[in-house]
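Chemist: sequence isn't available, so here's the structure alone:
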């Protein structure tokens, strides 16, 4: 019951608090083809990763938050893999935000349906 009540929360939060605009997700597939589609995101130009003791571990890298369901709607073949591998690094996937291209460094799942991507570029 509780899971059904909170299931749409990730989509609602992403639509409510996202920055205006979207990104273009360019995906290079294993068979040599590629696809590009718009993806609804929240973009943070600079971020800080702070550990439990209050020390800054990482600073200045841009981050994107998107709904896992939105990403899997565009690329359903990646649904069977772990959430961390929905977005691929090493130049295989990239996001174009405001005309600027970003490679994906890492992807993490918050457990509530949102993915956080750390970007390079």
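Modeler: Arrived safely. All values reported here derive from a predicted model rather than from experimental measurement.

Chemist: what bits of this structure have low per-residue confidence?
Modeler: Along the chain, the parts satisfying pLDDT under 70 run over 1-21, 46-52, 54, 56-59, 81.

Chemist: top strand in this structure by residue count?
Modeler: Using DSSP state E, we find that the single longest strand of the chain is strand 100-109.

Chemist: so what strands line up beside that one?
Modeler: Strand 100-109 pairs in its sheet with strand 93-97 (antiparallel), strand 114-120 (antiparallel), by DSSP bridges.

Chemist: most tightly packed of those?
Modeler: strand 93-97 (a mean of 21; mean count of other CB atoms under 10 Å). All C-beta spots, glycine's among them, are computed from the backbone N, C-alpha and C.

Chemist: can you give me the helices in the protein?
Modeler: If you assign secondary structure with DSSP state H, the helices in the chain sit at 2-6, 9-17, 68-74.

Chemist: tell me, how many residues neighbour residue 28?
Modeler: The burial count assigned to residue 28 is 15, neighbours taken as other CB atoms under 10 Å.

Chemist: just grab the bridge partners of it for me.
Modeler: residue 34.

Chemist: I'd like to know how far it sits from residue 72.
Modeler: Counting by CB to CB, to the nearest Å, the gap from residue 28 to residue 72 is 18 Å.

Chemist: for residue 92, same thing?
Modeler: 17 Å.

Chemist: likewise for residue 31?
Modeler: In terms of CB to CB, residue 31 sits 19 Å off from residue 72.

Chemist: those two - which one has more neighbours?
Modeler: residue 72 (15 against 6).

Chemist: that one contacts residue 83, correct?
Modeler: No: look at residue 72 against residue 83 with CB atoms under 8 Å: they stay out of range, at 9.6 Å.

Chemist: can you report how many residues lie near residue 34?
Modeler: 12.

Chemist: for it, what are its contacts?
Modeler: 26, 27, 28 (CB atoms under 8 Å, 6 or more residues apart in numbering).

Chemist: just put those residues in a markdown table and tack on distance to residue 97.
Modeler: Converted to a markdown table, the contacts of residue 34 look like this (distance: CB to CB, whole Å):
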| residue | distance to residue 97 |
| --- | --- |
| 26 | 11 |
| 27 | 15 |
| 28 | 18 |
